[in-house]
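S.K.: got a sequence here, can you model it:
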Amino acid sequence: MQQVKTGDTVRVHYHGRLENGETFDSSEGRDPLEFKVGSGMVIKGFDNGVLDMKPGDKRTLNIAVEEAYGPKSEELIMEFPKENIPADLNPQVGMDLQMSNPQGQVFPVKVVAITDEFIKLDANHPLAGQPLVFEIELVEIV
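M.R.: Have a look, this model is predicted:
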């Protein structure tokens, strides 16, 4: 039976959890995730985790921070002057917002603190700094 190797396109079902058991994503009720192994379409630990699997195999992946979304970067936490916030926006801690950079690229941020003069925004990936656990099942090698 064929085993997964770099360059193969595969379809997998998965259930992603934090170390505390909280689910952050799952393919349950959806089509399997399809990706090309080694292409960077998924995090490195997930990519490497399917290697050598055969259709029907199940595996638990414990993915370290460095093989997931990386450590949190303090450079991606910024203070934004309240005076520059649109008047109709009432930011609250925990709120997800979108910002754009000078090149016009839009990126998500989370409000993490509010002072009289600034709102503190975190542009890190929501799963940055966290090890991840995936239960995966290789459905097929396409």
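S.K.: quick one: the strands in the chain?
M.R.: 9-18, 23-26, 33-36, 58-63, 77-81, 96-100, 106-114, 118-122, 132-141 (DSSP state E).
S.K.: would you list those strands in TSV and tack on distance to residue 89?
M.R.: Where C-beta positions appear, they are placed from N, C-alpha and C, glycine not excepted. Converted to TSV, the strands of the chain look like this (distance: least, Cβ to Cβ, whole Å):
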stretch	distance to residue 89
strand 9-18	30
strand 23-26	27
strand 33-36	35
strand 58-63	36
strand 77-81	11
strand 96-100	8
strand 106-114	10
strand 118-122	10
strand 132-141	32
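S.K.: out of the ones you listed, nearest to residue 3?
M.R.: Closest approach to residue 3 among the strands of the chain is made by strand 132-141 (8.3 Å; Cβ to Cβ).
S.K.: pull out the buried positions in the closest one.
M.R.: Neighbour counts over strand 132-141 (16 or more other Cβ atoms under 10 Å) mark 132, 133, 134, 136, 137, 138, 139, 141 as buried.
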